[in-house]
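Novice: No sequence on hand, only this structure:
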């Protein structure tokens, strides 16, 4: 049986959502809770993408804010 796995997944988002949220937070345009929710949503989306792609083990612990 073959097992598929990747070592990490790009954290920034398909449309650079994380970069935009971090920079908006630094500028005081969004709240910390908005930034944290953006990170949470991106992690969930990325885990689902990996699982839907058939990966046996989903990459976790590879997220960083910047």
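Specialist: Nice, I can see it. Keep in mind it's a predicted model, so treat the numbers as computed, not measured.
Novice: Residue 62 contacts residue 8, correct?
Specialist: Yes. Using Cβ atoms under 8 Å as the test, residue 62 is close enough to residue 8 to be in contact (4.1 Å). (Each C-beta comes from the backbone N, C-alpha and C, glycine too.)
Novice: Between these two, point out the one with more neighbours.
Specialist: For residue 62 versus residue 8, the count of surrounding residues by other Cβ atoms under 10 Å is larger for residue 62: 13 against 10.
Novice: In contact with the more buried one, which residues?
Specialist: The contact partners of residue 62, by Cβ atoms under 8 Å, 6 or more residues apart in numbering, come to 7, 8, 9, 11.
Novice: Now it: which helix or strand?
Specialist: Mapping residue 62 onto the secondary structure by DSSP states H and E places it in no helix or strand at all.
Novice: quick one: average confidence on the longest helix that the chain contains?
Specialist: Ordering each helix of the chain by length in residues (DSSP state H) puts helix 32-52 first. Model confidence over helix 32-52, given as mean pLDDT, is 94.
Novice: again, but for stretch 57-66
Specialist: Across stretch 57-66, the per-residue pLDDT values average to 80.
Novice: next one: that stretch to chain centre, how far?
Specialist: A distance of 7 Å separates the C-alpha centroid of stretch 57-66 from that of its chain, computed with Cα atoms, centre = their mean, to the nearest Å.
Novice: Could you tell me the end-to-end distance of that stretch?
Specialist: Start and end residues of stretch 57-66 are separated by 24 Å (Cα to Cα, to the nearest Å).
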